[in-house]
Structures are given as structure tokens and as C-alpha cells.
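> Need coordinates for the following:
(chains A, B, C and D)
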There are 2 protein chains.
Amino acid sequence: MAVLWHCQGVTETRTVGAVRQGSLRELNLAVVLRRIADTDRPPSRAEIAADTGLTRATVSAVVDDLIAGRLVTEADPAPRTGAGRPARGLLLGDTGPAGLGLEVNVDYLAACVVDLTGAVRHHEVRRIDLRPLSPADALTALVALARRARTVADDAGLGLAGAALAVPGLVDARGLVRLAPNLGWRDVDVPALLAGHPALTDPVDGVPPLVVENEANLAALGELHARPGGPQSFLHVSGEIGIGAGIVLDGALFRGSRGWSGELGHVPVDPGGPTCRCGARGCLETYAGQESVLAAAGLAGADLPADTAARRLADLACSGDPAALAALNAAGTALGVAVAGVVNLLDLDTVVLGGGYATLAPWLCPPVLAELDDRVLTSGWSPVTVRPAALGAESAAVGGAGSVVRRIIARPSGWLSRPQ
Amino acid sequence: MAVLWHCQGVTETRTVGAVRQGSLRELNLAVVLRRIADTDRPPSRAEIAADTGLTRATVSAVVDDLIAGRLVTEADPAPRTGAGRPARGLLLGDTGPAGLGLEVNVDYLAACVVDLTGAVRHHEVRRIDLRPLSPADALTALVALARRARTVADDAGLGLAGAALAVPGLVDARGLVRLAPNLGWRDVDVPALLAGHPALTDPVDGVPPLVVENEANLAALGELHARPGGPQSFLHVSGEIGIGAGIVLDGALFRGSRGWSGELGHVPVDPGGPTCRCGARGCLETYAGQESVLAAAGLAGADLPADTAARRLADLACSGDPAALAALNAAGTALGVAVAGVVNLLDLDTVVLGGGYATLAPWLCPPVLAELDDRVLTSGWSPVTVRPAALGAESAAVGGAGSVVRRIIARPSGWLSRPQ
DNA sequence: CCATTTAATTCAACCACTGAACAAATTGCG
DNA sequence: CGCAATTTGTTCAGTGGTTGAATTAAATGG
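Okay, here's the model as predicted:
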């Protein structure tokens, strides 16, 4: 009897590169570690073998390597189940590698350390208006936070395996900040400016690569990180002074061909609308950007830090202020129009409101949902979920640190073969 | 000396599944075959070894397998270069597997056969108005084309390794056509209806899986296929009665979480615009869909087949007809607004106009480019290219057949281990 | 005609997985 | 309590496939 397949066969699976002898172990280390990471209940070696199709012998050997590298530990209490020798559960180690997350934003600096289990082991935010500072001075101030984070990691026996720096702007593949309008940065070579600071360049174990990335992108990863069992594909909208979006597909960040994806703020909402500071007319930012919403709510000219502005608006809306409510409704509608376009195009089923929008979600969600309901072609089959972000301002730093950790889980051989 | 890395380190590479002993050869077959496919000049074994990092011994062994499976042949004339034993160039075989591409559209059926080299070995289009036919009758008519295609493939010594069917509508993961408005189909179970037709179910070599896919998606793959050296990430817009888009990222189709990505026609262009048949207001389709453009050009009510309509409009525009020119300009502007949103979001650098838009590209490109120039934030750094599609109406069928072939190149072990 | 050069193959060694047998640790039943 | 049953984890010979060096093949050039 012939059988037809109707799987998603058009998108082929892609192999990475040449597969050498040792790649076999390298790949299986990743397979087993991912299996350990992707679960609540610590799996046994036998369970992993059954799930992955590897032999128990192979799994044992691989697990030995992972334990030796402190990526995995055995759970102390054996979970009592039935007959037979009790299984020894396997857990991600919390004394092995960790990721350093850094953030430079308009009115604060942040640093955090996330271990392999995803736990935030250290977190520091320093409120400071960065706009008057030069990029070099701003980064020097950041290095102080990074140094403290490293001390904490060292004391806890953690090895920093890498760092990710979030910047509110366009970052190219080499770490150059092409444009960060709200910081007043243009063509800032962050890696070069940081090169002199040993806290970021002379690591304990091997060389920690520093990745510079757009803040909205890392914030989206932070959301992924904060909800381990949550959806693996979603749009994360960061409502700050500008509006950025991080696109997460199958648990990975989508960066576009040059890493400049996610400029949701300049998606056209009404081609004949007001002129945006980008020069075009009717961009989403002119309707739902912080300035416009504040102005519509009667708070024009109040030069508030991003999070305070959202808080103020929320307070006004709570007290029933009509201008604030109308402003939020209009912003939500515009946001809904833009997001509807995205959802029609990318077929996502979850939208996360982050940054300042998280605070304002109670008032933004209804109009956004209403527009999605009207405008998304497939909303009849499966509705789109809109919800506030799980993390607040720390999202980008946590997401950055988490991305380092996720990279280790995806390719543990790099950590295991580090120059001890 | 410490070195900083600024690579795109946030998106981790993902391993597919467990790696067994035999997977090693399986993966290297793919690596070598892809290296052979991705080049103009036939590479030698030594060259492949140097490029991939594999040993010459391994490459030889792998190539032997590929030649035995007729996936690769040795080039007859040795390209004379310098001293030393001349290299034997390796080419994709043209007597091995092939892909069958099928298409059901509003006013035609199509079938084609593409071999491993990408050559279109057979192509047939049958003009027929499908709207009055039931889905079962339409598919029966299609099977006649499929059978002829199979005969041609058999006579040429090709083995059909799979088939892809393009349908102008939403297709779910199981091959169910949820909605094809212009065909009048709803919840049509294509695989079930085809199950009785041996031409598609009883293949020569093994079982050919049939993949059902949205027409715009396969048309986008057709463009990828028609330009081997071209960009690997682009947006392909299909202007038919509706407007669909196929998103190709890194040479692979992006299908969204349920395979319903690319509904560009219902991206909002002006939230207060005319009501669309989807119920929302101001969808792109109400500005740049075939009906609206024809109406604006003074051809309302002319119930023309899709390609004739575009031809008629192009003729009018050529002759300087002011209504037609104005209609095309307005459509191009609306298209530009919608596409600008996409480009801002996904950071693509190439937009391909396909379907009826290909014919109309001379008039559509200027307004589209103008909008992109104004509205794309990064257009200052790197401009967006807009160009007509390389293939015409055959695009989807060729793209479907090509996707089968690409899948074989991505995972040749499936073909090599077929039940001979 | 022979040294030189590059391509491809052969072959012993080796690495990592495989499968089966075995040891370990617990439950359950008589 | 003792023993069979059960499940986990390890050991070990066997094997597939890559590795690296040596060898053969096939050309150019002086």
C-alpha cells in the first residue's frame, strides 16, 4: 500500500559544514545536553537513549564528558518510580559556564550573569543619563558594572563563557553601532573602545567573545528565556522612545540579512499620516512612539525617562483620565494595524508587548486584539495571543546573557575544549 | 593577545537530531554533493577536500557513493590548467533523480520535470478554467498531466523522487487546502483525492512523497531556482487575482508556524481605506489586486484570465493610456508601502515582482522604489533591489519540482538508500 | 627522457558508536 | 528473608567511517 507524505517537505534541513571524525561526538554532546535542558524532570541516561535513538552506552560516555566539564550534574535524590534500579536524574550544572549580559540604554546601564540553568545569579542596574556622555565614557562606566559581575561569577565558581551587549540602535555584523539615535551615537566601534578593558577581554577560561546586538532583539530573547515552556516563535515589540521588534522563530532570533531586522517603528500605518523623524510619513512611531503618546495624553514636553513615562501614563489611565485613555487607545490601534501586517506576513501566533508597552498592556491589548481580529486572515482558525512581557527593563541584559548560555547548550564542545 | 569576536553569535546553530554511526557518511554525502551543486566550474575531488576540510580519501569514498547512485557524473573533458595530473571535474548527474512539479491555478494546470542539474526536462501547461470543476475533477485532469510527465521522466531514465503541488490558497501541514478563494475550494483534502491515482502514488523508485504547498511560496522557490547565483534571501510577490508573497531566507522558504506566511495581500496599507473582501479595510489587495487595478484602468468587469489581464494592462500602458498609467502608479505606490513595511521588519535587500506583476514591472518598479527609498530606514546604507521575476506562469511548478531536487541535494542518503 | 607537480587511490590505524553481556540497585512475591 | 523480575548503567569486543601517509596515475616542462 503506497503512502503519501504531507510533511513540511519543501524546507530542507541544512547541514552545517563538513563532518569530521570528531564531529560525531561534538554533535552528540549537543543532542544530549539539549535533551537535558529541554525538560522539567531530570531525565535519566536510559531515558535520553530511548528518546534520541542513541545507545545507552553512547549516552553514558557523552554524559561523562558533560559531567567532567561541569555542564551537567547528577540529581541527588533519585526520583522513586517503580521496580528496577533507580534512575539517576541529570540536571544542568550551576557551577560551570555562565553568560554575561550588558546593556547600554538612554537612561541606564545594566549587567547581569545567567548560569547554565537559566538562573540570574547577579543583576545590577545603574540609573544614569547617558546622552551627555561620549560613547567612550559610557562604555567605561559600563565596564565598572561588568567588572563587578565578573567578580560575582568568579566567587561563585562560574566561568564567563561570553558576553552580549545590548544597544538601542542598528548594529552591524562586526559590532559597529551604525546609528543609535536616542543615544546620539553614530558609527561607534564598540569592540575597539572596549578592547582596552581587561574585564571584558581577559577571561578566566578562554576568550569570551563579545557580541553587540540590538536591544530589541536581545529583549525578545529575554522573553524566550523567561518562559522556558512558552512559545518558540513570536514577535516581541519593545516600546521605548522608538519602537523596535525582535522576531523569534523556532527559538532562534531572526536577524535579517544584515542584522537590521525588526524596525517596526517605521512600518507605515497610514501613508498620508504625520511626518516621522525618519523623513517618511505615517510610520508607526508617529502614532505609538513615546513622544506622540505623551503629547496626545497632554504630557507633551515632559522629558521623562522611558520607564517613568510609561508609569505616569499608566497612573493617569488608572485614574480614568480621558486624554490618557484616548491616547493609549489610538496608540494601540496603530500598533494593531502594524502588527496585523506582520502576523499576516509571518504567520505568528503570539505577540509580546515589552519595554514601556508591558506596563501599558492593560490598555493597549484590547485595541491591538481588535485590529488583529479584523485584519489577520487566519484569525478565524487560530487566534493570535497578545500579552505583556515577562521581564521588565532587565529583559535585554538577561536575554543577552541567556543567548550566551543557549549557545553553549547548542554547541557544548566549544566549552569543553576550552584552554583550561 | 586577547581577541574579541563580533560574529553573529546570538543565533545558535541547531543540530538536527541524534547522530548515529551511519549519520556521519550521511552528512558528508550532503556536504560533498552541496559543494558540487553550488558551483559553476565542476570541482575536483581534491578541491572539495581542500574546501570542506575532509580528507581526499574520504571525499573519494563519498564521491564513489554519489556516482554509484547517479547523483554525480565525471565531466568528460578535463579542464586543462597547469602542471600535474589533470583533475576530473564532478557534475550533478542528469540521469538520476528528478522532481515533479504540479500546479492547479484558476485558469490553468501545469506539470514539469526538473532534473538534479536544475534543467527543466519537461513542461506542459494546459489552459482550462478550473472554477466550474469540482476539486476531484480538477485533480483528475491534473493527473493526466502528471502521467505524461512521468512517462517523459521514465523514457529519459530519470527517477521521480517526489512531487510538489502548488495551489493558490492556504495549505496546512497535512496537505489540506483550507481555503483557496479564487478556486472556490474550502477544506479540500488533496492527498486523499489523489490517493487513487497510481501515477502519483506508485513510483518507479520508492515512494514519492507529495507535498502540497501555497502557489506563492513555490513561485518564490522557482525564482531561487532560476537564478543559481542570485540572492539567497528575498521577498517574492505574486500578483495574481490575490496577492501572495513567498519569503526566502538563506535559500530556504520561510513558512511560518503553520505554513500560512506570506499573506501580503491583506497587509494594511491605509487603515481607513476601502473594504476588502476579507472584511478588513485598506488591505493591499484593495489597491493593487487585479480587480482594483483593472477597474481603475477602466477595464472593470472584464473577466480576464490572470495573465491576459496583465498583458492587456501592459499594452494599454505601452500605448500611453493615462488611466492605465495612473492605475499602475497607484498600485505600485500601495505595493511600495506594504513592501517597505516588510523590508523594515525583515531587513531584506531584494524584492522580486512575480506573477502578473512581472509583466507590469516597468510601470510598477518606479513607484515601489520611490516608496522604499522614503520609508526603509536602512535604504541609505544599502539600497533595496526591485526586479521582475525570471520565470513567468511556470514559476510555481518549476519551483515545486526544484524543491524536490533541492531536498535530494540537501539529504542525498534518502535517494541512495531507496528500495531499488 | 626524467624530474616535477598535482590528482586520486590504497591501506593500516584510530575514533566513536553498536550491541550484547554483565553488574548494580531496587520492587514484589512467596 | 530470599529469590525472581525489572530497570539502570557500565564494560567490552566488533564495526563503520574517517585519518594520514604512502603509493600510483597522469600530466607538464626542461
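> domain parsing for chain A?
A:23-74, A:97-219+A:396-416, A:228-389 (automatic domain parsing).
> Out of those, the one nearest B:A393 is which?
domain A:228-389 (23.9 Å; CB to CB). Every residue, glycine included, has its C-beta placed from N, CA and C.
> all strands of the stretch 1-150 of chain A, in order?
Using DSSP state E, counting those that start in this stretch, the strands assigned to the stretch 1-150 of chain A run over residues A:72-74, A:90-92, A:97-104, A:108-115, A:120-127.
> err, the stretch 301-420 of chain A, not the other one
A:350-355, A:385-388.
> Does anything pack onto the first one? Which helices or strands?
Where contact means 3 or more CB pairs under 8 Å, 6 or more residues apart in numbering or on different chains; DSSP states H and E, strand A:350-355 is packed against helix A:215-226, strand A:234-239, helix A:356-375, strand A:385-388.
> does the third one come close to chain B?
Spelled out, it's helix A:356-375. Yes: with CB under 8 Å from any CB of the partner chain as the criterion, chain B is reached by helix A:356-375 at A:371, A:374-375.
> most neighbours, which of the residues you listed?
A:R375 (26 neighbours; other CB atoms under 10 Å in any protein chain shown).
> ok, that one - contacts?
For A:R375, the contacting residues are A:336-337, A:340-341, A:344, B:266, B:268, B:280, B:283, by CB atoms under 8 Å, 6 or more residues apart in numbering or on different chains.
> got the residues you listed as JSON lines, with pLDDT columns?
Shown next, in JSON lines, are the contacts of A:R375 (pLDDT from 0 to 100):
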{"residue": "A:G336", "pLDDT": "98"}
{"residue": "A:V337", "pLDDT": "97"}
{"residue": "A:A340", "pLDDT": "97"}
{"residue": "A:G341", "pLDDT": "97"}
{"residue": "A:N344", "pLDDT": "96"}
{"residue": "B:H266", "pLDDT": "95"}
{"residue": "B:P268", "pLDDT": "96"}
{"residue": "B:A280", "pLDDT": "93"}
{"residue": "B:C283", "pLDDT": "96"}
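> quick one: which of those is nearest DNA strand D?
For the contacts of A:R375, the residue nearest DNA strand D by CB to the nearest atom of the strand is A:N344; the value is 44.2 Å.
> Quick check: the residue lying closest to the closest one once chain neighbours are set aside vs B:R148, distance?
Closest residue to A:N344 apart from its sequence neighbours, by CB to CB, 6 or more residues apart in numbering or on different chains: B:E263 at 4.2 Å. To B:R148, B:E263 is 34 Å away according to CB to CB, to the nearest Å.
> more neighbours, these two?
Remark: of B:E263 and B:R148, B:E263 carries more neighbours, 28 against 15, as counted by other CB under 10 Å.
> what's the more buried one sitting at in phi/psi?
Here is the backbone geometry of B:E263 (degrees, to the nearest 10): phi -80, psi 70.
> rewinding a little: near DNA strand C too, which of the residues of helix A:356-375 next to chain B?
With CB under 7 Å from any atom of the strand as the criterion, the residues of helix A:356-375 next to chain B include none near DNA strand C.
> Pipe those residues into CSV and attach pLDDT and distance to B:L360 per row.
Shown next, in CSV, are the residues of helix A:356-375 next to chain B (pLDDT from 0 to 100; distance: CB to CB, whole Å):
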residue, pLDDT, distance to B:L360
A:E371, 97, 31
A:D374, 94, 30
A:R375, 96, 26
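> any idea which of those residues is the one closest to A:G256?
Of the residues of helix A:356-375 next to chain B, the one sitting nearest to A:G256 (CB to CB) turns out to be A:R375, at 23.8 Å.
> how far away is that closest one from B:A358?
If you go by CB to CB, the gap between A:R375 and B:A358 works out to 28 Å.
> And for A:A18?
39 Å.
> So for the two, which residue has more residues nearby?
B:A358 (25 against 20).
> The more buried one against B:R387, yeah?
No: between B:A358 and B:R387 there is no contact under CB atoms under 8 Å: 9.4 Å.
> if we can go back for a sec, of the strands of the stretch 1-150 of chain A, which stretch is the most buried?
Sort the strands of the stretch 1-150 of chain A by mean neighbour count, taking mean count of other CB atoms under 10 Å in any protein chain shown, and strand A:97-104 sits at the top with a mean of 30.
> Now do it and strand A:108-115, the angle between them.
Here strand A:97-104 runs at an angle of 170 degrees relative to strand A:108-115 (axes from the mean of the first three to the mean of the last three CA atoms, to 10 degrees).
> Give me the mean pLDDT for strand A:97-104.
Per-residue pLDDT values over strand A:97-104 give a mean of 95.
> what's the answer for stretch A:217-224, then?
For stretch A:217-224, the mean confidence score works out to 96.
> Equivalent analysis for stretch A:114-133, please.
Average pLDDT, stretch A:114-133: 95.
> anything in it near chain B?
No: figure legend: stretch A:114-133 not in contact with chain B (CB under 8 Å from any CB); closest approach 13.9 Å.
> Give me the residue ranges of the stretch 301-420 of chain A where confidence is low.
Under the criterion pLDDT under 70, the flagged ranges of the stretch 301-420 of chain A are A:301-307, A:420.
> And the helices in it?
With DSSP state H, counting those that start in this stretch, the ranges of helices along the stretch 301-420 of chain A come out as A:306-318, A:322-346, A:356-375, A:395-410, A:413-416.
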